[in-house]
Every structure is written in C-alpha cells, then in structure tokens.
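>>> My questions concern the predicted model and sequence given below.
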Amino acid sequence: MFNFHVLPFVTVVGLCQVVTGSYVNNFDQRVEFKCTKDTQTISRVHSVHDNGAEDRRFEFECREIGMDTEGTSASCAWSANYENQLDKPLDFECGHNGFINGMISEHDNGAEDRRWKFRCCRITDIHMIDCDLTTWTNDFDKPQDYRLPSGMAMKSVFSEHDNGAEDRRYRYEICNILRSSYLVYFCTGLDHGSISECLDDNESLVMTMTHCLFCIHVLPLVTVVGLCQLAAGNYVNDFDQPVNFKCTKDTQTISRVHSVHDNGAEDRRFEFECRDIGHETDGSSASCAWSANYENQLDQPLDFVCHLNGFINGMISIHDNGAEDRRWKFLCCKIPDIHMEDCDLTTWTNDLDKPQDYTLPSGKAMKGVFSEHDNGAEDRRYRYEICNIVRSSTDPAIG
C-alpha cells in the first residue's frame, strides 16, 4: 500500500508488466535469443521502454513456418557483424528465401541505443513471396507488441533511432510462405501451357483453385494464378541456376522470351521459343558460333549484337549470388543469302521485378540484346534489336 501513495497507478501497472513478462534481457543488458527449432520464425516481438535506463526489454515468441517442415533440415547463420551503427537506421534483410530465427543486441549507455545482429534460416524448397513492410509497430517511449499474421514469416527488420526520445521504433518485412512441392502438385492439373489461356478459360481457373485449396487460404488468387504460370511454364532453369538453351535447328531465331522474377532468389527463370526465319530455309546450311566470353560484367550493362547478318539462335547464362546478377553468352547463326535489314531496338520488354513476355513480330529475326541491371531491385530489364529478313539471289561474304 505504501507504494501506491508514492507512485501513480499507471507506473505501478507498468512495473508489474516488466516483472511478469518473459523478457530475455534486463535494461542496458544484452539481448540474445533464438527459436528452439531452426524451422521456426520469430512470430511475436514485445518490448517496453524505460525513460530512466533509456532502453527496452524484449520478449519473443516463435512458431513453425508450417508447410510440413517436421523432419526438414534448415541452414542457418548469424550476421557476421552488427547490422547498424549507433544512432543510425537499421535496414536488414535475410538473403534469398531466408527468415529471421534469432536476434542479438548490445546496448550502449553513451549513445543510449542498441546495435543488432540477426540469425537467418533457409529451407531448400520454402519460398518467401508477396513480401510487404509493416507500419511502425511502436511509438517512441511506448510499448511494442507485434504479432506476425498467420501463414507468414519474418524476413527483415527496419528501425530508426530518435536522439530526443533515446529510443527506436521498428517495422518488419513479412512474407507469405510457399513450398515448391505444393506448387508442382496443384499445377500438374493444368491442361493449358500458358497463363493467358488459363485466365481466358474460367473452367481452367476453377480447376486451379480446386487443386490448390491450401494455397488459396494463404495467398491471394492473383498470386496463385501467377504461381501456376511459374510451375506450368517450360522454364529452362531454376532460380540461381544456369541457363543453357539453343533452338532445335540452326535456321531458327529465338522468337519469344518469357521470364519471371523472384524477390527471394533475386533471379529470373527463363522460357524460350524459336521459329524458322522463313524464306524457304529448309535445306539451307547455317554457320553458328557461341560467344567466346561472357558479353557483360556483373552489375554492368549488356550490349550485344550478332555480327553482319547473324541472328540469335541460343543463350547461355550463369547467376552470381553475390552480385545477384547474370552474365550472358549468345549463339549467333548466319545463312549465306539471308540479310538483316531495317533493324530497330524494342522498348523495354519488362519492368524491374515484373514478368517478361516478349514475342518477336512475324517476318523478323532477333539480332541483338541490350540490358541494364538495377542494384536496388537486383534485377535486369531487357530490350532486343530485331530486323527484317531479306533473301538475296547472290551469296554475300560471311564475316
């Protein structure tokens, strides 16, 4: 009873909260927490601030990221260094399809601020998709109690410090969880080869929903349809894996490039189609050669053109996880009496992080590729040099 005469009631309630919570640290002391299992994501962050200590105490909860991870192994790693400087913003993201499984923090009494490290875990066939950033989960000097929505994982932490309040506020990047084995399962029911047919045919769309009731509960319908495209397409590579494609005949040009980007892998999967360049090329012989070296450096523009009257018949690419970019080689073919004329450069065939679906106009061949990389989006956009095809009665010299 004596304390009630000295302290306001609100203060007493606040102190009871500090005493009764399952906090992992005292004020001014180290935070060190990891989930009990590597297949769990941090699902709740609760903290309270003290104006005397100018610090927070933290409490965490975890839950399985779901998708039948029982018995699944995860690869995990802590940040090598602290991810922020004192009094400076924190902007941390687990790479690829990683999710946050632990946090370490040290408090500095001079700056009255914390620096943070994080533990990221990855499971081979688990993908983070449709990621979004929360609003601020606390005000300065006020309690924080953020709970992760069902079916999602925590991928990133963003925070800023205020020297007046001597406190931080926090936002989290959260993502829907998709297991690729589910993706393959429900998309095997599709009879159609392209998403446009799927969208134009209501019966196919209903069938897709029937084959993926689990994903429908987790993901918006548009996402599910998009993912069906991902699994049903004839992609020549997986994310982060090499591209190695050439047309079945040397007298064909690549006529379609379709690709989709994944923000977790920060890479694209590619699908190609070819067609004869026409002009009665059956029986014609073509001379073809691959690029001797990769035609671009990582993070740098690509500007490639087949020499003289060559056209693009194949593409090879390797992905670099450090730069999150691709380098490219090309297969150019030439037919003695085929000329490329009235060449022109297309507009951009994709936006950063968005699907690409470029089809070559009839009567044309693909001669060149121009591309630029964006380090923010960690993606490339592409333009193509395309030419009219003319057959001459004389045989020009082939360089």
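That came through fine. Bear in mind that the values here come from a model prediction, so they are computed numbers and not experimental data.

>>> okay, now residue 148: neighbour count?
Using other C-beta atoms under 10 Å, residue 148 has 19 neighbouring residues. Where C-beta positions appear, they are placed from N, C-alpha and C, glycine not excepted.

>>> For the stretch 251-399 of the chain, give me the ranges with low pLDDT.
Flagging of the stretch 251-399 of the chain using pLDDT under 70 yields the residue ranges 279-283, 393-399.

>>> what about the strands in it?
Counting by DSSP state E, counting those that start in this stretch, the stretch 251-399 of the chain has strands at residues 252-262, 267-276, 287-290, 302-305, 311-320, 325-334, 338-345, 356-359, 364-374, 379-391.

>>> Show me where the stretch 51-200 of the chain dips below the pLDDT cut-off.
Ranges of the stretch 51-200 of the chain meeting pLDDT under 70: 67-71, 180-200.

>>> quick one, helices of it?
180-187, 195-200 (DSSP state H, counting those that start in this stretch).

>>> I'd like the strands of the stretch 251-399 of the chain laid out as JSON lines, including distance to residue 99.
Converted to JSON lines, the strands of the stretch 251-399 of the chain look like this (distance: least, C-beta to C-beta, whole Å):
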{"stretch": "strand 252-262", "distance to residue 99": "15"}
{"stretch": "strand 267-276", "distance to residue 99": "18"}
{"stretch": "strand 287-290", "distance to residue 99": "40"}
{"stretch": "strand 302-305", "distance to residue 99": "33"}
{"stretch": "strand 311-320", "distance to residue 99": "22"}
{"stretch": "strand 325-334", "distance to residue 99": "24"}
{"stretch": "strand 338-345", "distance to residue 99": "41"}
{"stretch": "strand 356-359", "distance to residue 99": "28"}
{"stretch": "strand 364-374", "distance to residue 99": "25"}
{"stretch": "strand 379-391", "distance to residue 99": "22"}
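
>>> now the ones you listed in CSV, with mean neighbour count and distance to residue 139?
Compiled in CSV, those are given as follows (neighbours: other C-beta atoms under 10 Å; distance: least, C-beta to C-beta, whole Å):
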stretch, mean neighbour count, distance to residue 139
strand 252-262, 22, 35
strand 267-276, 19, 38
strand 287-290, 14, 60
strand 302-305, 18, 47
strand 311-320, 22, 42
strand 325-334, 22, 40
strand 338-345, 15, 51
strand 356-359, 16, 42
strand 364-374, 21, 34
strand 379-391, 19, 35
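
>>> Nearest approach to residue 166 belongs to which of those strands?
strand 364-374 (37.0 Å; C-beta to C-beta).

>>> ok now the closest one, how far from the chain's centre?
Strand 364-374 has its C-alpha centroid displaced from the chain centroid by 23 Å (C-alpha atoms, centre = their mean, to the nearest Å).

>>> Just checking: what are the partner strands of that strand?
Here strand 364-374 is paired, per DSSP bridges, with strand 302-305 (antiparallel), strand 379-391 (antiparallel).

>>> what angle do the last one and strand 311-320 make?
Spelled out, it's strand 379-391. 170 degrees (axes from the mean of the first three to the mean of the last three C-alpha atoms, to 10 degrees).

>>> Grab the CA positions of strand 379-391 and hand them over as PDB.
What follows is strand 379-391 as a C-alpha-only set of coordinates in PDB (Å, rounded to 0.1, in the frame of the first residue of the first chain):
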ATOM      1  CA  ASP A 379      17.000  -7.400 -61.500                       C
ATOM      2  CA  ARG A 380      17.600  -6.700 -65.200                       C
ATOM      3  CA  ARG A 381      15.300  -5.300 -67.800                       C
ATOM      4  CA  TYR A 382      15.800  -6.200 -71.500                       C
ATOM      5  CA  ARG A 383      15.500  -4.700 -75.000                       C
ATOM      6  CA  TYR A 384      16.100  -6.600 -78.300                       C
ATOM      7  CA  GLU A 385      17.400  -5.500 -81.700                       C
ATOM      8  CA  ILE A 386      15.100  -7.000 -84.300                       C
ATOM      9  CA  CYS A 387      15.400  -6.900 -88.100                       C
ATOM     10  CA  ASN A 388      13.500  -7.600 -91.200                       C
ATOM     11  CA  ILE A 389      14.700 -10.700 -93.100                       C
ATOM     12  CA  VAL A 390      15.600 -10.400 -96.800                       C
ATOM     13  CA  ARG A 391      16.900 -13.200 -99.000                       C
END
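
>>> This protein - how does it break down into domains?
According to automatic domain parsing, the chain comprises the domains 20-179, 188-233, 236-391.

>>> Which of the strands paired with strand 364-374 sits closest to residue 351?
The closest of the strands paired with strand 364-374 to residue 351 is strand 379-391. By C-beta to C-beta, the value is 6.6 Å.

>>> how far does that closest one sit from the chain's center?
Computed by C-alpha atoms, centre = their mean, the chain-centroid distance of strand 379-391 equals 27 Å.

>>> Same question for stretch 106-114.
For stretch 106-114, the distance to the chain centre is 34 Å (C-alpha atoms, centre = their mean).

>>> Quick check, residue 37 in contact with residue 65.
No: with contact defined as C-beta atoms under 8 Å, residue 37 does not reach residue 65; the gap is 10.0 Å.

>>> Among those two, which residue is more densely surrounded?
Legend: neighbour count by other C-beta under 10 Å for residue 37 and residue 65, higher for residue 65 (25 against 15).

>>> The more buried one touches residue 42, doesn't it?
No: look at residue 65 against residue 42 with C-beta under 8 Å: they stay out of range, at 10.6 Å.

>>> Can you tell me how far the closest residue to residue 79 other than its chain neighbours is from residue 331?
If the residues on either side of it in the chain are set aside, residue 79 comes closest to residue 117, at 4.0 Å by C-beta to C-beta, 6 or more residues apart in numbering. Per C-beta to C-beta, to the nearest Å, residue 117 is found 46 Å from residue 331.

>>> and the residue sitting nearest the centre point of the chain, what does it touch?
Central residue of the chain (C-alpha atoms, centre = their mean): residue 263, 1.0 Å from the mean position. Taking C-beta atoms under 8 Å, 6 or more residues apart in numbering as the contact definition, residue 263 lies against 128, 129, 131, 353.
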